[in-house]
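**Q** Below is the sequence, then the predicted model.
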Amino acid sequence: MSSVTLDSVSLAYPGGQLGLADVDLTIADGEFIALVGPSGSGKTTLLRTVAGFVAPTAGRVRIGDAVVSEPGRSVEPERRGLGMVFQQHAVWPHWNVGRNIAYPLRRAGVARAERARRVAEALELVGLPGAERRDPATLSGGQRQRVAIARAIVARPRVLLLDEALSALDEPLRDRLRLELRALTRSLGLTVLHVTHDRSEALALADRVVVLDGGRVQQVGAPADLLDRPASPFVARFISDATVLPGRLDRAGFHADGHPISIAADRLSASGHDPARTGAGGPADRAAVDLLAEMADEVDVAVQPEHVRVVPDPMGPATVTSSFFGRGGDELVVRWGDLQLRSRMGSLRCAVGTRVRVEIERAALFSSATDRTAAPGDALSARLPCVSQLGVRSGAVRRPASVGA
Ligand SMILES: Nc1ncnc2c1ncn2[C@@H]1O[C@H](COP(=O)(O)OP(=O)(O)OP(=O)(O)O)[C@@H](O)[C@H]1O
């Protein structure tokens, strides 16, 4: 078990494509980290950098106290003490299950009797006790993936790297293996780096989620932080399917550009406190909204589907254009003028074509100059320490273009 640290890691591929740009990330010993981001955002590159399959062009990678990669020096993947599981079950078909799992132990020179004991133990851990002699061709997809997990943990790795490890499996098997994997890594105290396309899986499994875009870290936070305090409109859109609206801010609240929608100031959250506990519009929010209203009348708000209340009303200004059945209530798409909003709130069942009115329960506020590559402690906070003292989200507030340097 070990921590993983990336210090200012950048990676440019030989063709010039940017893989990673100045990534700083510390994964604590025993922590489960999920890496998410759009296609091409650098998730696999980051994982391969930690694994040692690619070497960064700048920066340093440490596993525990050992530097495994720095300019001019890279420790080979097999000497980094890692376990890896990929999307396609990389189980060799011509070897039986026991031999597959024993492979890392044989490479490490572990004696035969000890190998047999550890293989049996690993099979027990992944719920396939006694399967040593099975032919992989006779296993289901889920069982083969369990074998791959057993092989990844049998040599007691310092860190487990998972690259879309569950993505090829169908629900509900995937859901079950997800739960088992989390319980297993927790009981072994493993440090885990898990790349996934599935945002719900990332939020469900991880202690912290890393959001990447364009090779840069956009936000690192606990799942609840990403939902409640997105660092930028990009994160709100990517993680929560938020609709981002441009508009103006005054002390009364937000007014959308070219649209009648307005959101009262006490529904805007702009501060670092936990809106789930206290609701938007607490004193810190109020002070931050007032400050932003003074400084930057042009803003964006991000509205999550969970905060869009749809109320059937024959005189309402909006119309339901899509309705998807959900367990708790329908997921709706509502058109209001040229604005399209998603709603996933409450237990409402509503048919396409229903006239409705729309109430926004809460929205996250950003200066429209918010740079999605913002680093915490941006220029505005530095120039106006009161913003950080008020608890405004790091990176959420950028100096508006109209404010001189
Ligand atoms: N071997 C390579 N040679 C050149 N460019 C590459 C190579 N591998 C990745 N890239 C580029 O690096 C960037 C990051 O790619 P990466 O595969 O890490 O993204 P990703 O987030 O894992 O994407 P996906 O979700 O589609 O797997 C992309 O622009 C990609 O085109």
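**A** Here it is on my side, so go on.

**Q** Okay, now the unreliable bits of this structure?
**A** 1, 89, 271-284, 296, 369-405 (pLDDT under 70).

**Q** got the end-to-end distance for stretch 22-31?
**A** 22 Å (C-alpha to C-alpha, to the nearest Å).

**Q** Show residues contacting it.
**A** The contact list for stretch 22-31, computed with C-beta atoms under 8 Å, 6 or more residues apart in numbering, reads 1-10, 33, 42, 46, 58-59, 64, 159, 189-193, 207-208, 210, 215-217, 220. C-beta coordinates here come from the backbone N, C-alpha and C atoms, glycine included.

**Q** cool, stretch 346-353 as well?
**A** For stretch 346-353, using C-beta under 8 Å, 6+ apart, the contacting residues are 309-310, 312, 319-323, 328-330, 332, 356.

**Q** Put the alpha carbons of that stretch into PDB.
**A** Written as PDB, here are the backbone C-alpha positions of stretch 346-353 (Å, rounded to 0.1, in the frame of the first residue of the first chain):
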ATOM      1  CA  GLY A 346     -39.500  14.900  -7.200                       C
ATOM      2  CA  SER A 347     -41.900  12.100  -8.100                       C
ATOM      3  CA  LEU A 348     -43.700  13.800 -10.900                       C
ATOM      4  CA  ARG A 349     -44.900  11.800 -13.900                       C
ATOM      5  CA  CYS A 350     -45.500  14.000 -16.800                       C
ATOM      6  CA  ALA A 351     -46.300  13.300 -20.500                       C
ATOM      7  CA  VAL A 352     -44.700  15.000 -23.500                       C
ATOM      8  CA  GLY A 353     -46.700  18.100 -24.500                       C
END
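
**Q** So what's the gap between that stretch and the chain middle?
**A** Taking C-alpha atoms, centre = their mean, to the nearest Å, the mean C-alpha location of stretch 346-353 is offset from the chain mean by 30 Å.

**Q** what's near enough to touch T57?
**A** Neighbours of T57 in contact, by C-beta under 8 Å, 6+ apart: 10-12.

**Q** who's in contact with the closest residue in space to it that isn't next to it in sequence?
**A** Closest residue in space to T57, ignoring its immediate chain neighbours: A12 at 5.1 Å, by C-beta to C-beta, 6 or more residues apart in numbering. Contact analysis of A12 by C-beta under 8 Å, 6+ apart lists 18-19, 57.

**Q** Dump these to CSV, plus distance to the ligand and secondary structure.
**A** Listed next are the contacts of A12 as CSV, based on distance: C-beta to the nearest ligand atom, whole Å; DSSP: H, G, I helix; E, B strand; the rest coil:
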residue, distance to the ligand, secondary structure
L18, 7, strand
G19, 4, strand
T57, 12, coil
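
**Q** so V308 makes contact with L339?
**A** No: if you go by C-beta atoms under 8 Å, V308 and L339 don't touch, sitting 11.1 Å apart.

**Q** between these two, who's got more neighbours?
**A** Higher neighbour count among V308 and L339: V308, with 23 against 16, using other C-beta atoms under 10 Å.

**Q** Could you give the bridge partners of that one?
**A** I360 (DSSP bridges).

**Q** For it, give its distance to the ligand.
**A** Using C-beta to the nearest ligand atom, to the nearest Å, V308 is found at 29 Å from the ligand.

**Q** Show me where the stretch 101-250 of the chain has its strands.
**A** Assigned by DSSP state E, counting those that start in this stretch, the strands in the stretch 101-250 of the chain fall at 159-163, 191-195, 208-213, 216-221, 243-250.

**Q** Looking at those strands, which is nearest to A111?
**A** Closest of the strands of the stretch 101-250 of the chain to A111 is strand 159-163, at 24.5 Å (criterion: C-beta to C-beta).

**Q** Quick one: residues in contact with that closest one.
**A** 1-2, 4, 27, 44, 47, 50-51, 63, 80-87, 152-153, 181, 185, 190-196.

**Q** ok, and of those residues, which contact the ligand?
**A** When contact is defined as C-beta under 6 Å from any ligand atom, the contacts of strand 159-163 meet the ligand at T44.

**Q** Excluding chain neighbours, what is closest to D7?
**A** Closest to D7 by C-beta to C-beta, 6+ apart is R60, at 4.6 Å.

**Q** Would it be right to say that that neighbour lies in a helix?
**A** No: applying DSSP: H, G, I helix; E, B strand; the rest coil, one finds R60 to be strand, outside a helix.

**Q** For it, give its distance to F53.
**A** Look at R60 and F53: by C-beta to C-beta, to the nearest Å, they are 17 Å apart.

**Q** Can you pick out the residue with more neighbours from these two?
**A** More neighbours surround R60 than the other of R60 and F53, with 16 against 13 (other C-beta under 10 Å).

**Q** can you pull the contacts of the more buried one?
**A** Here R60 is in contact with 5-9, 67, 69-70 (C-beta under 8 Å, 6+ apart).

**Q** Would you format these as a markdown table with distance to A288, neighbour count and secondary structure included?
**A** Below are the contacts of R60 laid out as a markdown table (distance: C-beta to C-beta, whole Å; neighbours: other C-beta atoms under 10 Å; DSSP: H, G, I helix; E, B strand; the rest coil):
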| residue | distance to A288 | neighbour count | secondary structure |
| --- | --- | --- | --- |
| T5 | 33 | 19 | strand |
| L6 | 32 | 22 | strand |
| D7 | 32 | 17 | strand |
| S8 | 31 | 12 | strand |
| V9 | 33 | 26 | strand |
| V67 | 41 | 15 | strand |
| S69 | 40 | 22 | strand |
| E70 | 41 | 17 | strand |
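
**Q** List just the nearest of those residues to the ligand.
**A** V9 (12.7 Å; C-beta to the nearest ligand atom).
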